[in-house]
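Sequence below, structure please.
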Amino acid sequence: MDRLLTNPGIYFLIAALVTLAGTPLARAIALKYNIVDIPDARRIHKKATPYLGGLFIYIALLITGFLSLNNLFSIEPMAPLSLLVGFTLIFLAGILDDLVGLPAGVKMTSIGISATVLYLSGYSVEFTSYHFFNYPLTLFWFLGITNSANLMDNMNGLSSGCGVITALFMAYLAYLKSDPAVVGLALAVGGAYLGFMRYNFPKAKIFLGDAGSILLGFSLATLGLMIGRHTGVMTTLAPIFLVGLFVFDTFFVAFSRWARKMYFWEGGMDHTSHRFVSLGFSKTTAVMMVWGINAIFGLNAVIMWHSSIHYGVMLSIVIFILGVVFWWRLDKVPVINGNDSQD
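Sure thing, here's the model as predicted:
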């Protein structure tokens, strides 16, 4: 058994089996206690759908995170404990938001506290040796990626599918870095969300909920820091490219709503996925197209990992120009009337 637990691949299997077996139970609990998303003017799904998809994802990550960081190399003695505490705080904030609704400020504060717990245990942006510089950057990273994943959860399978793709690419980069603990944790994240998708895509029997979506973003933010620390310039930038689509979609929506004199947090059917639907693609096709773009970001991150600084800068400039062109074209696509589009 000990030898089996030193194989990072086992954590993908364990996490996937936990969510495959547990998600139907989460659905039953949600239906029994009326933890459901009720259709209204802001949503287009036609029936009440359970909202407890993050429950067994959290349980899967709790189990696999503890096992992987204790049976494989760990970056700090307290890393396993602080990681699980951070994940738990994030999950609790998400589940409370699903159950009773939390003000945005309270949710942001919860993310900040969770990020601080990890920062104090060594999970940090380390561009300098000064805490007054590194700490705000670390908070910004966690807040940005966590909220981006939350906002990406606007169609069935979209956020979780992008999470699986990103986590698998992160596992590969961690493998290149010879860091089995991060490989195991990244595979666990990918496996957990892949198992959940069995019940969420293409038709949703249960929604991810805030508990599942902010846990995804927080997990990817943590993995990005673990992969990028103590490496060169290009290998530090590569994890940023891996979450590039999450960041692109968030900024695209923010500026689009600002231009239409809307508050960013109001919600709407104006994300990248919605624009594809507006072009005439089905929701399922739109989701798969976004997955494809996310995979392209992942491939570019791998290329950047192997690049010299000069080639990496050139690649970054090309990707930036292509992103601006894509943004300009996407912004011309009409916005669908209505709001959040899970169905």
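
For the residue nearest the centre of the chain, which non-adjacent residue is spatially closest?
In the chain, the residue lying closest to the centroid (C-alpha atoms, centre = their mean) is G217, at 3.2 Å. In space, and not counting its chain neighbours, G217 is closest to A149: 2.9 Å by C-beta to C-beta, 6 or more residues apart in numbering. Glycine gets a C-beta too; all of them are placed from N, C-alpha and C.

Contacts only, for that neighbour.
A149 sits next to S159, C162, G163, S213, I214, L216, G217, F218, L220, F246 when contact means C-beta atoms under 8 Å, 6 or more residues apart in numbering.

On the three-state scheme, it is what?
Recorded secondary structure, A149: helix (DSSP: H, G, I helix; E, B strand; the rest coil).

heads up, I number from 254, so please use that
In the new count, where the first residue is 254, that last one comes out as A402.

that older thread, quick check on the contacts of A402: which are buried?
Those of these that meet the buried threshold are S412, C415, G416, S466, I467, L469, G470, F471, L473, F499, by 16 or more other C-beta atoms under 10 Å.

Just put those residues in TSV and tack on distance to Y304 and secondary structure.
As requested, those are arranged in TSV below (distance: C-beta to C-beta, whole Å; DSSP: H, G, I helix; E, B strand; the rest coil):
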residue	distance to Y304	secondary structure
S412	14	helix
C415	20	helix
G416	18	helix
S466	11	helix
I467	13	helix
L469	15	helix
G470	17	helix
F471	19	helix
L473	22	helix
F499	22	helix
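
Low-confidence stretches in the chain?
254-258, 291-300, 324-332, 483-486, 518-520, 590-596 (pLDDT under 70).

for the stretch 454-596 of the chain, what spans make up the helices?
Remark: helices assigned in the stretch 454-596 of the chain by DSSP state H, counting those that start in this stretch are 462-481, 486-495, 497-512, 525-531, 536-558, 562-584.

To G307, which of those helices lies closest?
When the helices of the stretch 454-596 of the chain are compared by C-beta to C-beta, helix 462-481 sits nearest G307, at 3.0 Å.

State the number of residues packed around the residue nearest to L461 when sequence neighbours are not counted.
Nearest residue to L461 in three dimensions, chain neighbours excluded: G306, at 4.4 Å (C-beta to C-beta, 6+ apart). Look at G306: counted by other C-beta atoms under 10 Å, it has 30 neighbours.

May I have the residues that are in contact with G306?
G306 is in contact with T276, A279, F449, Y452, N453, I459, F460, L461, G462, A464, G465, counting by C-beta under 8 Å, 6+ apart.

likewise T419?
L473, L495, V496, F499, N547, G551 are the contacts of T419 under C-beta under 8 Å, 6+ apart.

Take the contacts of A402 and lay them out in TSV including distance to I480.
Output for the contacts of A402, formatted as TSV (distance: C-beta to C-beta, whole Å):
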residue	distance to I480
S412	20
C415	17
G416	15
S466	21
I467	20
L469	16
G470	16
F471	15
L473	10
F499	16
